[in-house]
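J.: The following comprises the amino acid sequence and a computationally predicted model.
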Amino acid sequence: MGYSTNRPIIQIDNKELSSQMAETEQEVIKNKPILEQTLNSDEVDVFLVYGQSNARGYAGNTVGDPKFKTPNVTIWNGTTTIPLTNYMPTQNGGTSTGGAWVAFANEYARLTGRNAIIANCAKGSQSIEDLQKGAANTNFSGLVSWHDGVVSHITGLGKTVGKVTMLFCQGEANSADVADTNGYLLNINQLWTDIKTDIDIELFANYTVGSYNDYRKLYAQVIQSNQREFSKNNADVITSFEDIQSLAANGMKVDGVHLNQVGYNYMGEQSVQPIVSTLFTDSAFEQSQLIKKQGVINLDASQEWKMYGAWVTTTNFLPLTTASRATSNIVATSIEVDHVAITLSDKIDYILSANATMLSVDSNISKLETGGISIKPIFDKNIYQTVDAEGRTVVKLYFVANLTVRAKMATQVIDTALQGSTLVNNVSATWGTGLVTITHPSTQRLLQANSRESVAPYVVSCTSGRTSSTVKAWDLAGVPSNIEVGINIDEIIISPATLPTGLELMFEVIGAKKRDF
């Protein structure tokens, strides 16, 4: 393969000549297929595009369609092959208005020098359920039909079918409702199983779903997590592209969820190397693909860390997804009897950090500090092993307050006059000589008691329980004495259903998953 340069080769000295020879060698290498040893002119590779709108291509005819289109790759139109185009016919989704696959084809031909046919079987607005075998549509059956047509076309030319790869980009349709995310991992596994049953195929290349810029972003994160898990769990599945959700900030979207042509060019070109590495070079697969499967952040080799968090209000504890309120990897929240259950997008092995904070505005403070009682949110960091039906971790968020009471053993009276909270309605006592047993709301902490008598020293002890605690008092001679004691009942659990509504709350959990070696 030739090269060109605008710089005349004039030998000035050996250093200059060496520099020019190095530049020449670099240009030759740059324009030479890096896997030319795999080139077989009798083999034709097949790429089956499947999924929804970003797979089909919805660039809205925006500018940026690559001028050069490699002759190595052609498009299947259902009957025969046609020259490469971004405005490609699809199996049942109409003609694309621009997409990722010209840039993909150009890069694939540059890296491998191989011939290929792309068959686009994607359709807009399709859920993972719509793409399943047996669904009441022609998605799956059309995929198989177009694959068989391409194979017949290749063999009819006297050539051999080479590598067959699925280019899959889907998930936005399942982002509209959290209920649709619950079975996503199961569904995508079943889809791949059925595809491999009906099609002789080698690789599933997944393009991690993008995010709408509204409440659906919350659920897209769950789908992304499921797709990464799908890649990790299957040797014949890779994550070929993970940047769709980040392209809006770089001016590469045409609307809330679809890319413009420049964005699709980036998506197509960047996704090729992982696929090529997996199909043809084992060493490259080991070096680059395992990183792409597991992530790119440098972490302790035995752990994966992730942050989960949301802003909610005490009205319903549903995550806020307005532009000023970030939500990350939260599947669901629900109000239970004594806590709020928060379902994370993954199963984590242990919690590294868990914090919750009420928004400190005047309206919140006045509602939360009635009668001297200050309510605060806390996580029970010891209770994180609960999982939902999908195996995802459920953490528990409690709301607690500290209460101080005076127990007068001589007159058998509990004095709570200093605090007008309704919490005191749940505090009662039984009495004995030098003894009081306090029954109180469930608490997260051990009780503390001290003598309030100043005329003589006394010994006070406290035996604490979750809902009942006993305080005893003696004089220095060891005789039970009826004295007045102060009792601190800290972190009494308050039912979230009884909280004032409309208060804003932010919580965050940092969790870690152990990896098996």
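T.: Sure, I can see it.

J.: What ranges does the stretch 101-250 of the chain have for its helices?
T.: Assigned by DSSP state H, counting those that start in this stretch, the stretch 101-250 of the chain shows helices spanning 101-112, 139-156, 178-181, 184-198, 216-233.

J.: So in that sheet, which strands flank the longest strand seen in the chain, and in what orientation?
T.: Determined from DSSP state E, the single longest strand within the chain is strand 394-408. Using DSSP bridges, strand 394-408 pairs in its sheet with strand 340-344 (antiparallel), strand 375-379 (antiparallel), strand 413-415 (antiparallel), strand 484-494 (antiparallel).

J.: Quick check: which of the ones you listed is buried the most?
T.: Among these, strand 340-344 has the highest mean neighbour count (mean count of other CB atoms under 10 Å), at a mean of 22. All C-beta atoms are positioned from the backbone trio N, CA, C, and that covers glycine.

J.: Identify whichever of the strands paired with strand 394-408 lies nearest to residue 358.
T.: Residue 358 lies closest, by CB to CB, to one member of the strands paired with strand 394-408: strand 375-379, at 6.4 Å.

J.: that older thread, as a markdown table, the helices of the stretch 101-250 of the chain with distance to residue 475, mean neighbour count and mean pLDDT would be great.
T.: Output for the helices of the stretch 101-250 of the chain, formatted as a markdown table (distance: least, CB to CB, whole Å; neighbours: other CB atoms under 10 Å; pLDDT from 0 to 100):
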| stretch | distance to residue 475 | mean neighbour count | mean pLDDT |
| --- | --- | --- | --- |
| helix 101-112 | 87 | 24 | 94 |
| helix 139-156 | 85 | 18 | 98 |
| helix 178-181 | 62 | 18 | 54 |
| helix 184-198 | 67 | 17 | 96 |
| helix 216-233 | 62 | 22 | 82 |
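
J.: Could you dump those into JSON lines and include distance to residue 334?
T.: As requested, those are exported to JSON lines (distance: least, CB to CB, whole Å):
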{"stretch": "helix 101-112", "distance to residue 334": "43"}
{"stretch": "helix 139-156", "distance to residue 334": "34"}
{"stretch": "helix 178-181", "distance to residue 334": "11"}
{"stretch": "helix 184-198", "distance to residue 334": "20"}
{"stretch": "helix 216-233", "distance to residue 334": "15"}
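
J.: Out of those, which is closest to residue 442?
T.: helix 178-181 (30.0 Å).

J.: so which of the helices of the stretch 101-250 of the chain comes closest to residue 455?
T.: Of the helices of the stretch 101-250 of the chain, nearest to residue 455 by CB to CB is helix 216-233, at 62.2 Å.

J.: What angle do helix 184-198 and that closest one make with each other?
T.: 50 degrees (axes from the mean of the first three to the mean of the last three CA atoms, to 10 degrees).

J.: What helices and strands are in contact with helix 216-233?
T.: Packing partners of helix 216-233 (3 or more CB pairs under 8 Å, 6 or more residues apart in numbering; DSSP states H and E): helix 178-181, helix 184-198, strand 203-207, strand 237-241, helix 290-294, strand 330-335.

J.: before we move on, the earlier item: so how far is the longest strand of the chain from its chain's centroid?
T.: Put simply, strand 394-408 sits 34 Å off its chain's centre (CA atoms, centre = their mean, to the nearest Å).

J.: ditto for stretch 340-356
T.: Relative to its chain's centre, stretch 340-356 lies at 13 Å (CA atoms, centre = their mean).

J.: how long is it from one end to the other?
T.: End-to-end distance for stretch 340-356, by CA to CA, to the nearest Å: 12 Å.

J.: quick revisit: would a markdown table of the helices and strands packed on helix 216-233 with distance to residue 102 be doable?
T.: As requested, the helices and strands packed on helix 216-233 are arranged in a markdown table below (distance: least, CB to CB, whole Å):
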| stretch | distance to residue 102 |
| --- | --- |
| helix 178-181 | 32 |
| helix 184-198 | 25 |
| strand 203-207 | 16 |
| strand 237-241 | 16 |
| helix 290-294 | 23 |
| strand 330-335 | 37 |
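
J.: Specify the stretch among those that is closest to residue 476.
T.: strand 330-335 (50.8 Å).

J.: what comes into contact with that closest one?
T.: 178, 181, 218-219, 222, 308-310, 312, 316-319, 340-345, 388, 392, 496-497 (CB atoms under 8 Å, 6 or more residues apart in numbering).

J.: quick check: angle from it to strand 340-344?
T.: Going by the same axes, to 10 degrees, strand 330-335 makes 170 degrees with strand 340-344.

J.: Show me which positions of strand 330-335 end up buried.
T.: 330-333 (16 or more other CB atoms under 10 Å).

J.: follow-up on the earlier one: residue 164 is nearest to which of the helices and strands packed on helix 216-233?
T.: With CB to CB as the yardstick, what comes closest out of the helices and strands packed on helix 216-233 is strand 203-207 (7.9 Å).

J.: what packs against the closest one?
T.: Counting contacts by 3+ CB pairs under 8 Å, 6+ apart, strand 203-207 packs against strand 160-169, helix 216-233, strand 237-241, helix 272-280.

J.: shaky segments in the stretch 1-150 of the chain?
T.: Across the stretch 1-150 of the chain, residues meeting the criterion (pLDDT under 70) sit at 1-40.

J.: Give me the nearest residue to the residue nearest in space to the middle of the chain, chain neighbours excluded.
T.: Residue closest to the average C-alpha location in the chain (CA atoms, centre = their mean): residue 221, at 3.6 Å. Closest residue to residue 221 apart from its sequence neighbours, by CB to CB, 6 or more residues apart in numbering: residue 329 at 5.1 Å.

J.: related to what we said a few turns ago, so which of the helices and strands packed on strand 203-207 gets nearest residue 406?
T.: Of the helices and strands packed on strand 203-207, nearest to residue 406 by CB to CB is helix 216-233, at 47.7 Å.

J.: starting at the chain centroid, how far to that closest one?
T.: The answer for helix 216-233 is 5 Å, by CA atoms, centre = their mean.

J.: Next: stretch 491-506.
T.: The answer for stretch 491-506 is 27 Å, by CA atoms, centre = their mean.

J.: what residues are up against residue 346?
T.: Shown in contact with residue 346 (CB under 8 Å, 6+ apart): 225, 306, 329, 392-393, 511, 513.

J.: Equivalent analysis for residue 234, please.
T.: 189, 192, 204.

J.: With residue 69 as the reference, measure out to it.
T.: Distance from residue 234 to residue 69, counting by CB to CB, to the nearest Å: 33 Å.

J.: Three-state assignment for the closest residue to residue 350 other than its chain neighbours, please.
T.: Nearest residue to residue 350, sequence neighbours excluded (CB to CB, 6+ apart): residue 512, at 5.7 Å. Here residue 512 is strand, with the state taken from DSSP: H, G, I helix; E, B strand; the rest coil.

J.: What separation do you get for residue 512 and residue 107?
T.: 37 Å.

J.: Residue 470 too?
T.: In this view, residue 470 and residue 107 are 75 Å apart by CB to CB.

J.: do residue 208 as well
T.: Here residue 208 is placed at a distance of 19 Å from residue 107 (CB to CB).

J.: Then residue 205?
T.: Taking CB to CB, one finds residue 205 at 13 Å from residue 107.

J.: Please apply the same query to residue 198.
T.: Per CB to CB, residue 198 is found 29 Å from residue 107.

J.: what do you get for residue 126?
T.: Look at residue 126 and residue 107: by CB to CB, they are 26 Å apart.

J.: next one: residue 140
T.: 29 Å.

J.: wait, doesn't residue 47 sit right on residue 150?
T.: No. At 9.6 Å, residue 47 does not count as touching residue 150 under the criterion of CB atoms under 8 Å.
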